[in-house]
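*Asks:* I need the structure of the sequence given here:
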Amino acid sequence: MDTLVTFLLVLLVIAIVIALWVIATYNTLVRKRNDVENGFSGMDVQLRKRYDMIPNLVATVQNYATHEQETLTRVTALRNQAIKGDLSMGDKLKIDSELSKLMSGIMVAVEDYPELKASEQFMNLQRNITEMESQISAARRAFNGAVLVYNNAIQVFPTVLVANLFNFKRSNMFENTATERQNPNVSELFNK
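*Replies:* Numbering: from 1, shown residues only. Next up, the predicted model:
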């Protein structure tokens, strides 16, 4: 009888240790998933600042650059789509990629307009956009760092067991497409 009680106590202790490990692992994975969401939220805040600057950029450039109307229209359409608020994380990242490409093309195309480059309003806006793009870049790095830590946590043994048990899914990093990694062809962007 004593061996049966001892055996049951050992099983109970093992079950408690396993349950505590599962709970601790689950809580760790939830914190890491929340870090990913927080990282995306930080990036989203910076993107919102960009969306708020776009009307100023479009209005300033529009007064000088008549050839870029199609690009400015596309930038405005993307901005309006992005601020709707009902987009998934992936959709927001796609819009951000396209906006980044178009805005860098606009900034390069400004070289063709000396009177625009000389405008104090445009120069101030350009400085603000450059600073904002740096902040977006930093937010992207923070987001990707959180995604890396989370993805590693749900894919390594033994935490993968808990991750699969509670249906934790892999998160996607922000990545530029192959065409976005190339220097923009300004004449192609503006159909010159």
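*Asks:* Show the average pLDDT along whichever strand or helix holds W21.
*Replies:* Using DSSP states H and E, W21 sits within helix 2-62. Mean pLDDT, helix 2-62: 92.
*Asks:* Who are the packing partners of it?
*Replies:* Using 3 or more CB pairs under 8 Å, 6 or more residues apart in numbering; DSSP states H and E as the contact test, the elements touching helix 2-62 are helix 69-82, helix 89-109, helix 120-155, helix 159-165. C-betas here are computed from N, CA, C, even on glycine.
*Asks:* and S171, which of those helices is closest to it?
*Replies:* helix 120-155 (4.8 Å; CB to CB).
*Asks:* For I16, which of the helices and strands packed on helix 2-62 is the nearest?
*Replies:* Among the helices and strands packed on helix 2-62, helix 159-165 comes nearest to I16, with 16.3 Å by CB to CB.
*Asks:* Can you tell me what sits against that closest one?
*Replies:* With contact meaning CB atoms under 8 Å, 6 or more residues apart in numbering, helix 159-165 is reached by V22, T25, Y26, T28, L29, A153, I154, Q155, F168.
*Asks:* Show me which pair in these is furthest apart.
*Replies:* Farthest apart among the contacts of helix 159-165 by CB to CB are V22 and Q155. That separation is 17.4 Å.
*Asks:* Save the contacts of helix 159-165 as TSV, and put in neighbour count too.
*Replies:* Shown next, in TSV, are the contacts of helix 159-165 (neighbours: other CB atoms under 10 Å):
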residue	neighbour count
V22	14
T25	19
Y26	16
T28	13
L29	18
A153	19
I154	19
Q155	12
F168	21
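*Asks:* and the angle for the helix holding W21 with helix 69-82?
*Replies:* Between helix 2-62 and helix 69-82, the angle comes out at 150 degrees (axes from the mean of the first three to the mean of the last three CA atoms, to 10 degrees).
*Asks:* how big is the angle separating helix 2-62 from helix 120-155?
*Replies:* Using the same axes, to 10 degrees: helix 2-62 against helix 120-155 is 160 degrees.
*Asks:* Just give me how far helix 2-62 sits from the chain centre.
*Replies:* The chain centroid and the centroid of helix 2-62 are separated by 16 Å under CA atoms, centre = their mean, to the nearest Å.
*Asks:* and the angle for that helix with helix 89-109?
*Replies:* Using the same axes, to 10 degrees: helix 2-62 against helix 89-109 is 30 degrees.
*Asks:* domain parsing for this protein?
*Replies:* What automatic domain parsing lists as the domains of the chain is 1-30, 40-160+167-189.
*Asks:* Please identify the deepest-packed of these.
*Replies:* domain 40-160+167-189 (a mean of 15; mean count of other CB atoms under 10 Å).
*Asks:* What sits closest to I95 if chain neighbours are left out?
*Replies:* Nearest residue to I95 in three dimensions, chain neighbours excluded: A82, at 4.7 Å (CB to CB, 6 or more residues apart in numbering).
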